[in-house]
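Trainee: Okay, predicted coordinates and the sequence, questions at the end:
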Amino acid sequence: MEQTILLLEDDADLIDGLTYSLQREGYAVEVAQTVKAARACLEAKTYSLLLLDVTLPDGNGMDVCRLVREWDKLVPIIFLTAMDEEVNVIRGLDSGADDYITKPFKLGELCARIRTRLRQSGMREAGGEKRLTSGPLAIDLLGSCALWNGRPLNLTAAEYHLLCLLVQNAGQTVLRNTILDALWDGNGNFVDDNTLSVYIRRLREKIEEDPSEPKYLLTVRGFGYKWTCEKYF
């Protein structure tokens with residue numbers, strides 16, 4: 001089944017280049033150049049992945065992202081942005097995005113990230129496991145959702161996959177490079193290490209009573225991160 005990407009971008013030259021490259025990769029591409037046009041597209045059909053520019057003639061791509069997340073928690077969303085300061089990265093992730101790439105970027109890097117996000121969005125855990133629990137955390141692997149003390153956790157797709165990886169290796173230190181490999185493809189050297197730190201901080205804010213003194217998601221300085229509860233299947 002052909003995968004369709006919605007590209008929200010107002011730069012005509014970039015639209016032409018991205019459309020050509022993505023179609024060569026085997027994707028169908030639909031283009032919206034305004035927030036209004038993007039909303040019309042999203043109301044008419046579903047997409048495999050969204051590529052959203054941040055600054056648009058009639059609004060902000062982050063608003064589109066928030067709108068989508070109201071009814072679809074797992075469709076992959078990648079921001080195309082000229083703003084790489086940490087505060088803008090955090091704003092984008094807080095709006096529900098899974099990833100961001102700063103302009104100018106290499107098309108090969110963007111395509112690698114797209115492949116990873118699409119693979120993750122269609123991923124179902126192997127081995128027939130349906131549920132993973134650890135302390136107050138319960139993860140429904142088939143439904144791709146998580147509960148904390150019985151209450152749903154509002155996670156992006158990237159946060160969900162990161163949490164699954166850590167819990168499946170509970171009690172063990174998961175190296176930063178291992179996490180980057182699992183979340184992004186290849187050796188992860190095109191990923192800003194700061195993004196992983198942002199994801200970890202966001203997860204702690206959602207599960208820890210005191211994120212500054214975590215009890216479950218620990219930092220192993222110089223190495224990576226560790227989930228401290230024993231896992232049960």
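Mentor: Yes, it's here.

Trainee: any idea where the strands of the chain begin and end?
Mentor: 4-8, 28-32, 49-53, 55-56, 59-60, 77-81, 99-102, 131-134, 137-140, 145-148, 151-152, 173-175, 217-220, 224-227 (DSSP state E).

Trainee: what's the closest of these to E109?
Mentor: Among the strands of the chain, strand 99-102 comes nearest to E109, with 6.8 Å by Cβ to Cβ. (Each C-beta comes from the backbone N, C-alpha and C, glycine too.)

Trainee: on that earlier part again, with respect to L183, which of the strands of the chain lies nearest?
Mentor: Nearest to L183, of all the strands of the chain, is strand 99-102, at 9.0 Å by Cβ to Cβ.

Trainee: What pairs with that closest one, parallel or antiparallel?
Mentor: If you go by DSSP bridges, strand 99-102 pairs up with strand 77-81 (parallel).

Trainee: In CSV, list the C-alpha atoms belonging to the strand it pairs with.
Mentor: The C-alpha trace of strand 77-81 is given here as CSV (Å, rounded to 0.1, in the frame of the first residue of the first chain):
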residue,chain,number,x,y,z
ILE,A,77,4.9,14.4,12.5
ILE,A,78,8.2,16.0,11.5
PHE,A,79,8.8,19.8,11.6
LEU,A,80,10.8,21.5,9.0
THR,A,81,12.2,24.6,10.7
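
Trainee: Enumerate every residue touching the residue most central in space within the chain.
Mentor: Closest residue to the average C-alpha location of the chain: D98 at 2.1 Å, with Cα atoms, centre = their mean. Residues near D98 by Cβ atoms under 8 Å, 6 or more residues apart in numbering: 76-78, 117, 156-158.

Trainee: Neighbour-wise, which one of these leads?
Mentor: Taking other Cβ atoms under 10 Å as the neighbour criterion, I77 ranks highest of the contacts of D98 with 28 neighbours.

Trainee: so it touches L67, yeah?
Mentor: No: counting by Cβ atoms under 8 Å, I77 stays clear of L67, with 11.0 Å between them.
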